[in-house]
Each structure stands twice: as C-alpha cells, then as structure tokens.
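Novice: Structural data only, the sequence is not supplied:
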Ligand SMILES: Nc1nc2c(ncn2[C@@H]2O[C@H](COP(=O)(O)OP(=O)(O)OP(=O)(O)O)[C@@H](O)[C@H]2O)c(=O)[nH]1
C-alpha cells in the first residue's frame with residue numbers, strides 16, 4: 001500500500017479542520033477550536049489502488065503557524081483552502097502557494113484550490129468566478145467549491161490531489177526507468193566499442209605476424225631473385 005501525505009493549508013477559520021474531519025470521519029464539526037496541528041489517517045482505494053493517506057490539518061491562526069515550513073517540506077500534495085465568506089482568506093492563499101512552490105522548489109506540485117463554506121450563500125463575498133480566476137492564474141490548478149457542512153465536493157477534492165500525486169510519482173518512476181535503460185545501453189555500447197577495438201588490434205597483430213613469417217621464410221623468396229655476386 002502506498003503512503004500519501006496530504007497537507008491542508010489556509011487562513012484561520014476557513015474550515016480546514018471541518019473539511020478534513022468530514023472526509024476522514026464523515027461528520028461535521030460545528031464548534032470552532034483553532035487547530036495547532038492534527039494528523040489523520042485514512043485508507044481509500046483510488047483507481048483500483050489501495051492508498052494510505054496521512055492528512056495533516058495545519059494551523060491557520062498566525063500564532064500557531066511556525067511549523068508550516070516543516071509541514072510543507074514533508075507534504076506530497078496540498079489542499080489550499082479559503083472561505084467564500086472571507087475575501088482576505090483568498091489573498092492569504094496567494095502567499096501560501098508561493099511558499100509551497102519555493103519550499104518544494106518546483107512549479108509542479110500536486111494541489112487543489114478549495115473555496116469552502118459554499119452553503120453560506122447569504123454571506124458569500126467571493127464568487128465562483130473569483131475562484132476560477134485564481135485557479136487559472138495558478139496554471140489551471142483544480143478548483144472546488146466545497147461545503148464541509150453538507151459534504152459537497154469534499155471527497156472529490158481529496159481524491160483529486162491524491163490522483164495528482166500518483167500521476168507525478170508514476171511519471172518520475174517512468175523517467176528513472178528510462179534513464180536507467182539509457183545508461184545500460186550506453187554501457188553496452190562502450191563494451192562493444194572496447195571489444196571491437198581489441199579485435200582490431202588482434203587482427204593487426206595476426207597480420208603483422210603473418211607478414212613477418214612470410215618475410216623470414218626462404219621458400220617465399222622468388223626463384224629469379226636469388227642473390228649472386230658476379231666477381
Ligand atoms: N456553514 C459552514 N460552516 C463551516 C464550514 N466549514 C467550517 N465551518 C465552520 O467554520 C468554523 C471554523 O471551522 P474550522 O474547520 O475549525 O476552521 P479551520 O480552518 O480549521 O480553523 P483553524 O484551525 O483556526 O485554522 C467552525 O465553526 C465550522 O463549523 C462549511 O462548509 N459551512
């Protein structure tokens with residue numbers, strides 16, 4: 001079974017814990033208790049493969065975010081969560097994504113963008129288009145509006161990020177395999193070159209020996225050219 005470490009990031013109170021607990025335990029947490037750090041495990045099957053997910057629900061509130069860099073380093077995929085009722089939470093995500101890309105030193109990091117609390121239509125200050133715009137700016141990062149309360153798009157968002165990790169790992173291992181084969185082929189070519197070089201030297205030596213033999217063999221001297229001295 002493969003291990004997948006997924007990290008849930010976002011500003012305080014956007015619903016990171018609620019989304020995570022809804023996905024892992026299928027329950028909705030009504031109360032708000034700022035997270036310091038919570039880790040969950042869940043086993044799921046995706047595309048016929050058993051996956052062991054480790055989900056890290058991180059702190060959004062500033063005084064608990066000191067460990068963020070460590071979480072990001074260890075994570076393979078990221079859920080970047082904002083709340084559709086909080087404009088600043090989307091702005092905060094822009095800096096968070098930059099931090100993820102910087103720490104991972106890559107533009108190709110498995111992630112999804114989540115606009116949570118989509119059930120709160122009356123309090124909404126960010127439209128679906130605002131989310132789509134950010135997703136496009138980020139190079140079409142998959143975007144989901146979710147409701148942890150009603151479990152809308154929650155499973156879909158987690159499965160999406162795990163699929164991205166799977167695809168990335170598959171392409172890395174295919175690349176490694178290709179490199180290994182190339183290296184093997186190069187070594188074979190080198191061995192063949194060395195072998196054919198050795199054969200050439202052997203051929204040359206045999207030819208030289210034959211030549212020497214034929215020069216030293218008196219029977220090989222043409223009869224008309226026998227040496228004589230006329231005094
Ligand atoms: N209506 C509604 N409320 C939500 C939803 N998700 C979370 N909430 C509520 O929002 C509040 C904050 O949710 P949390 O899940 O604790 O938020 P968080 O992002 O983990 O917060 P920090 O741990 O401080 O970073 C809680 O009272 C939740 O019940 C949702 O989808 N819809």
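Specialist: Received the coordinates, thanks. Just so it is clear, the structure is predicted and the values come from calculations on it, not from any experiment.

Novice: How about the contacts made by the residue sitting nearest the centre point of the chain?
Specialist: What sits nearest the mean C-alpha location of the chain, by CA atoms, centre = their mean, is residue 168, with 4.0 Å. Residues in contact with residue 168, defined by CB atoms under 8 Å, 6 or more residues apart in numbering, are 108, 110. Where C-beta positions appear, they are placed from N, C-alpha and C, glycine not excepted.

Novice: ok, now with 6 Å
Specialist: residue 110 (CB atoms under 6 Å, 6 or more residues apart in numbering).

Novice: May I have the strands that pair with the helix or strand in which residue 144 is found, each with its orientation?
Specialist: Applying DSSP states H and E as the criterion places residue 144 in strand 143-145. Strand pairing for strand 143-145, using DSSP bridges, gives strand 111-116 (parallel).

Novice: what's in contact with the partner strand?
Specialist: Strand 111-116 is contacted by residues 14-15, 19, 78-84, 131, 135, 141-146, 157, 160-161 when judged by CB under 6 Å, 6+ apart.

Novice: which ones among those are found in strands?
Specialist: If you go by DSSP state E, the contacts of strand 111-116 have 78, 79, 80, 81, 82, 83, 143, 144, 145 in strands.

Novice: How about the last one, nearest residue that isn't a chain neighbour?
Specialist: What that stands for is residue 145. residue 118 (4.1 Å; CB to CB, 6 or more residues apart in numbering).

Novice: The one you found contacts residue 149, doesn't it?
Specialist: No. The criterion here is CB atoms under 6 Å, and residue 118 misses it with residue 149 at 9.4 Å.

Novice: between the two, which one's more packed in?
Specialist: residue 118 (23 against 19; other CB atoms under 10 Å).

Novice: contacting residues around the more buried one?
Specialist: Contact analysis of residue 118 by CB under 6 Å, 6+ apart lists 84, 145, 147.

Novice: give me the subset of those touching the ligand.
Specialist: The residues of those that also fall near the ligand, by CB under 6 Å from any ligand atom, are residue 147.

Novice: Which of the contacts of residue 118 ranks first by neighbour count?
Specialist: residue 84 (27 neighbours).

Novice: Does that residue touch residue 124 like I think?
Specialist: Yes. With contacts counted by CB under 6 Å, residue 84 reaches residue 124, the gap being 4.9 Å.

Novice: re earlier: would you mind giving the contacts of residue 118 as CSV with pLDDT and distance to residue 195 added?
Specialist: Below are these laid out as CSV (pLDDT from 0 to 100; distance: CB to CB, whole Å):
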residue, pLDDT, distance to residue 195
84, 98, 69
145, 98, 65
147, 98, 69
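
Novice: which one of the contacts of residue 118 sits closest to the ligand?
Specialist: Using CB to the nearest ligand atom, residue 147 comes nearest to the ligand of those, at 4.1 Å.

Novice: isn't that closest one right up against residue 124?
Specialist: No. Using CB under 6 Å, residue 147 makes no contact with residue 124, being 11.5 Å away.

Novice: Also compute the angle for the one helix or strand residue 129 maps to relative to strand 111-116, please.
Specialist: Element membership for residue 129, per DSSP H and E: helix 128-137. Helix 128-137 runs at 170 degrees relative to strand 111-116, counting by axes from the mean of the first three to the mean of the last three CA atoms, to 10 degrees.
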